[in-house]
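[1] sequence first, predicted model second:
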Amino acid sequence: MSRTHIRLRSPAPSPRPPAGPLPTELVLSFEDDALPRIVYWGEGLADADERTDGLPDDGLAVVGRAQVMAGGLESAERPTLVPTQAEGWTGTPMLSVHRGGTEVYPSFTVSSVRSSASTCTVEAEDPEVGLGLRIRISIDQCGLVHEEARLTNNGDDDIDVHRLWLSLPLPADAVDLWTHTGHHMRERSAQRHPLVDGLFAKETWVGRPDFDATTLIIAGESGFGFEKGAVRAVHLAWSGNSTHFALRTPYTPGLVGAGELLHAGEVLLGPGQSYTTPGLVASWGEGVNAAAARYHDHLRSLHPRLDDAPRPLTVNTWEAFYFDHDVERMQRLARIGARIGAERFVLDDGWFAGRRDDTRALGDWTVDPRTWPGGLRPLSDLVHSLGMEFGLWVEPEMISPDSDLARSRPDWVLRPAPGRLPLPGRHQQVLDLANPSAWRHVFNALSALVEDEGVDYLKWDHNRFVTEAVSPTTGRPAVHGQTLALYRLIDSLKERHPGIEIESCASGGGRIDLGILARTDRVWASDCTDPLERVDIQRGTSLLVPPEMIGAHIAQSPSHMTGRATLLSTRAAVALTAHLGIEWNLLDADEDDLDALGRWADLYKEIRGPGRRVVHADSADPSVRVDGFIDPDGRRSVWRFAALSSSQHYPYAPIRLPGLRRGAHYRIRPLGGPGLYEQAMSPMARTRLEWWNEEGAVVPGTVLSRWGLRPPHLLPGSAVLIEVVEAP
């Protein structure tokens with residue numbers, strides 16, 4: 001038996017150094033002409049050569065394949081890149097293909113291997129069943145592992161692809177899992193559970209990742225957290241139906257992976273046609289913070305504009321006026337927004353013809369002449385004259401049955417049968433974007449709006465589950481084609497209108513994934529603007545998305561979503577550390593509130609910047625959250641201390657600020673001065689803090705990161721921001 005290894009390493013860093021302190025390495029083991037196995041991935045191996053191919057057998061051979069007897073089968077102890085029953089795989093099938101309604105069982109033979117320092121492409125085939133398989137695995141300069149596969153029909157008959165999932169192996173001590181669950185206004189809520197024998201999967205079948213989707217599936221050592229414990233994480237870069245899974249059998253170590261979920265007939269390949277999987281993107285690190293940082297740097301590399309221009313402070317009209325649009329009031333709101341420092345003004349739902357509530361007019365993307373007799377140009381011109389960008393809400397993938405478009409083109413609506421529409425959601429249905437005529441209609445309508453109305457920014461919403469989705473054009477399930485059509489639509493709009501920015505908003509945070517984020521510039525993390533809910537929602541979102549791409553708005557109190565009253569300082573402390581906006585009817589705000597908002601706007605502009613490293617602190621106290629945002633050079637950081645509820649400690653126990661330089665000293669003080677947070681202080685607290693003043697105090701970084709400092713004793717349901725600057 002011949003064996004060889006191919007080592008892949010992350011390339012030399014770009015001008016921005018990778019977030020992880022160590023390079024990533026992955027080792028593929030090839031035996032004879034079988035598909036390769038991953039025998040190692042993670043921290044770069046100390047003895048790695050500059051060359052990565054053609055390495056002879058060495059100590060890595062001992063972690064290669066072993067043979068065990070499993071129910072009479074000679075089973076592979078470590079699965080290949082796409083394990084099949086032909087190699088003894090007895091777990092959940094990773095590949096399922098039907099030809100003529102019958103399952104096909106391939107046995108792939110490698111026909112070619114091409115590799116470079118950071119990429120390996122493997123071509124394999126099974127001529128007996130007429131299938132070809134290409135797998136590409138690579139490591140980017142941020143240390144992320146990318147895996148993608150393409151399946152080709154080399155036979156004479158059509159094949160139906162049911163499944164092609166990708167995975168990476170786990171070390172034996174990866175015994176805990178961390179995923180997310182949630183619902184509208186409580187997205188990305190963390191849940192922990194053990195990795196045991198069997199399959200654990202988080203699936204979404206509603207045409208988008210949705211609220212319940214897991215941001216990442218993370219496997220790690222027992223008790224791992226944000227700061228500690230070796231972890232490995234996987235994400236699927238796909239905005240349609242998907243699964244993230246962890247799997248272990250009695251015969252194999254664990255696997256962690258992801259893949260697209262397909263309905264029968266959704267991907268039907270004729271002779272010579274191919275199906276390419278969405279990309280699996282995997283990270284690793286000591287603690288979840290380190291794994292998440294690689295995703296942040298990856299997204300920043302895709303969006304150089306994040307470095308080129310500060311993220312503009314946004315005023316959004318939704319919670320100010322909802323559907324009650326009026327030109328004069330919108331103009332007044334824009335003027336007040338500019339006065340307090342806003343840099344972008346977004347006109348939300350309700351601007352187009354016939355739209356007075358959420359029951360009608362989606363698809364009729366023309367300006368309502370009754371409300372806007374001069375079109376939107378008078379407002380957008382005013383906004384531009386005030387030094388702001390002009391943004392507009394759209395929901396291009398959806399259609400209202402009560403709309404001119406639906407009445408004229410009912411054949412453009414996804415439906416399970418000719419005479420039946422799917423169950424409505426928010427009084428709307430879904431356009432068949434894979435239909436070229438429907439796609440062109442939407443593209444032309446959006447393009448005309450951008451050109452005619454002076455639009456700089458699109459808030460792109462998606463408020464309906466895509467269920468019972470069958471295309472009248474093809475007669476087959478449509479989510480796969482719908483997702484690809486969406487990507488083409490956004491890509492084409494950005495090509496036609498260079499400089500346009502787009503926000504992914506799907507009932508709030510229902511579509512946040514690397515597929516959509518490769519094309520959009522911001523996400524709306526949740527429709528819930530209550531800051532106490534937002535702390536954990538934004539934490540969960542930040543495991544994938546850097547803070548400058550997470551929309552977070554200061555809203556009115558009491559919250560329109562929860563009815564809870566919170567202090568302005570608390571709402572600001574939660575929103576300032578992301579991409580700040582204001583969701584408030586400022587026409588009703590008094591001068592004190594406007595002055596305070598102006599001061600918070602100034603602070604946001606002072607602390608915002610590209611490349612901040614996000615550090616979530618582990619805490620034994622479930623009532624508190626400590627989150628840090630560290631500048632790229634490490635010299636300055638802003639920390640948020642949130643007291644979500646009362647604690648068993650009185651006053652609150654010391655909090656640690658991990659990630660600071662151990663040999664440095666830092667000046668710590670309340671960001672903006674203690675006066676901003678006076679109302680948040682408990683009147684019963686008697687502890688006087690020497691650092692809680694304008695001057696602050698100088699403390700060793702080791703003390704702050706390893707031992708901690710006493711925080712101010714806040715009223716439950718409050719938050720403050722702490723500035724930490726390296727002292728000379």
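    Happy to help now that I have it.

[2] what mean pLDDT does the host helix or strand of Ala258 get?
    Secondary structure assigned from DSSP states H and E places Ala258 in strand 252-260. Here strand 252-260 scores 95 as its mean pLDDT.

[3] residues of that strand that come out buried?
    Buried residues in strand 252-260, counted by 16 or more other CB atoms under 10 Å: 252, 254-260. (Glycine included, C-beta is placed from N, CA and C.)

[4] from those, which is closest to Arg163?
    Gly259 (6.7 Å; CB to CB).

[5] give me the beta-bridge partners of that closest one?
    Thr243 (DSSP bridges).

[6] same check, this time on Glu286
    Those that pair with Glu286 in a beta bridge, by DSSP bridges, are Ala230.

[7] that one: how many residues sit nearby?
    19 (other CB atoms under 10 Å).

[8] for it, which residues are in contact?
    228-231 (CB atoms under 8 Å, 6 or more residues apart in numbering).

[9] check Ala320 too.
    333, 583-587.

[10] farthest-separated two in those?
    Glu583 and Leu587 (13.7 Å).

[11] compare the two (neighbour count), which wins?
    Glu583 (23 against 11).

[12] where does Gly272 fall, secondary structure wise?
    Here Gly272 sits in a region with no helix or strand, counting by DSSP H and E.

[13] and the one 10 residues further on, by the same measure?
    Secondary structure assigned from DSSP H and E places Ala282 in strand 279-286.

[14] same question for Arg294.
    helix 288-302.

[15] show me what that helix is packed against.
    strand 217-220, strand 230-237, strand 279-286, helix 514-517, strand 613-616 (3 or more CB pairs under 8 Å, 6 or more residues apart in numbering; DSSP states H and E).

[16] give me that answer again for 6 Å
    In terms of contacts (3 or more CB pairs under 6 Å, 6 or more residues apart in numbering; DSSP states H and E), helix 288-302 is packed against strand 230-237, strand 279-286.

[17] which residue is the nearest non-sequential neighbour of Leu489?
    Closest residue to Leu489 apart from its sequence neighbours, by CB to CB, 6 or more residues apart in numbering: Phe443 at 6.0 Å.

[18] so the one you found is in which element?
    Per DSSP H and E: helix 436-453 holds Phe443.

[19] do Arg339 as well
    If you go by DSSP H and E, Arg339 is part of helix 327-340.

[20] what's the average pLDDT for whatever helix or strand comes next after that helix?
    Next helix or strand after helix 327-340 toward the C-terminus (DSSP H and E): strand 344-347. Taken as a whole, strand 344-347 carries a mean pLDDT of 98.

[21] how distant is strand 344-347 from the center of its chain?
    Distance of strand 344-347 from the chain centroid (CA atoms, centre = their mean, to the nearest Å) equals 23 Å.

[22] CA atoms of that strand as CSV?
    What follows is strand 344-347, C-alpha atoms only, in CSV (Å, rounded to 0.1, in the frame of the first residue of the first chain):
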residue,chain,number,x,y,z
ARG,A,344,-27.2,58.2,6.6
PHE,A,345,-31.0,58.5,6.4
VAL,A,346,-33.0,55.4,5.6
LEU,A,347,-36.6,55.6,4.4
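
[23] before we move on, the earlier item: Arg356 is nearest to which of the helices and strands packed on helix 288-302?
    Of all the helices and strands packed on helix 288-302, strand 230-237 sits nearest to Arg356, with 38.3 Å by CB to CB.

[24] what residues does stretch 698-705 touch?
    Residues outside stretch 698-705 that contact it (CB atoms under 6 Å, 6 or more residues apart in numbering) are 657-658, 660-662, 664-668, 727.

[25] with adjacent residues omitted, what lies nearest to Ala445?
    Nearest to Ala445 is Trp365, by CB to CB, 6+ apart, at 4.1 Å.

[26] so that neighbour sits against Phe443, correct?
    No. Counting by CB atoms under 6 Å, Trp365 does not reach Phe443; the two are 10.9 Å apart.

[27] more neighbours: which of these two?
    Using other CB under 10 Å, the more surrounded residue of Trp365 and Phe443 is Trp365, with 21 against 17.

[28] just the pLDDT for the more buried one.
    At Trp365, the model reports a pLDDT of 97.

[29] also the one 5 residues further on?
    On the pLDDT scale, Arg370 is placed at 95.

[30] can you pull out the strands in the stretch 601-728 of the chain?
    According to DSSP state E, counting those that start in this stretch, the stretch 601-728 of the chain carries its strands in the segments 613-616, 624-630, 636-643, 665-670, 697-700, 718-726.

[31] tell me the contacts of Asp368?
    352-353.

[32] in the stretch 51-200 of the chain, which spans are strands?
    In the stretch 51-200 of the chain, the strands defined using DSSP E, counting those that start in this stretch lie at 67-70, 73-76, 95-99, 102-104, 109-115, 119-126, 131-139, 145-153, 159-164, 166-169, 176-183, 186-194, 198-204.

[33] for Pro312, find the nearest of the ones you listed.
    strand 186-194 (24.1 Å).

[34] measure how the closest one sits relative to strand 198-204, angle-wise.
    Strand 186-194 and strand 198-204 meet at an angle of 180 degrees, taking axes from the mean of the first three to the mean of the last three CA atoms, to 10 degrees as the criterion.

[35] who are the packing partners of strand 186-194?
    strand 176-183, helix 531-541.

[36] just the buried positions in that strand, please.
    186-190.

[37] how about the contacts made by Ser118?
    Neighbour list for Ser118: 8, 11, 138-139 [criterion: CB under 6 Å, 6+ apart].

[38] which one in those is the model shakiest on?
    Minimum pLDDT across the contacts of Ser118 falls on Pro11, with 91.

[39] least confident secondary structure element in this protein?
    strand 67-70 (a mean of 54; mean pLDDT, DSSP states H and E).

[40] rewinding a little: could I get the helices and strands packed on helix 288-302 as CSV with mean pLDDT and distance to Arg464?
    Output for those, formatted as CSV (pLDDT from 0 to 100; distance: least, CB to CB, whole Å):
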stretch, mean pLDDT, distance to Arg464
strand 230-237, 98, 22
strand 279-286, 98, 26
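
[41] need those in TSV with distance to Ile217, can you?
    TSV is the format used below for those (distance: least, CB to CB, whole Å):
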stretch	distance to Ile217
strand 230-237	5
strand 279-286	10
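
[42] for those strands, which one sits closest to Thr4?
    Closest approach to Thr4 among the helices and strands packed on helix 288-302 (CB to CB): strand 279-286, 23.3 Å.

[43] for Gly696, give me its contacts.
    667-669.

[44] that older thread, highest mean neighbour count out of the helices and strands packed on strand 186-194?
    helix 531-541 (a mean of 24; mean count of other CB atoms under 10 Å).

[45] what residues sit buried inside the next helix or strand after that one?
    Once the chain leaves helix 531-541, the next helix or strand it forms, by DSSP H and E, is strand 550-555. The neighbour-count check on strand 550-555 (16+ other CB under 10 Å) flags 550-555 as buried.

[46] sweet, I'm off.
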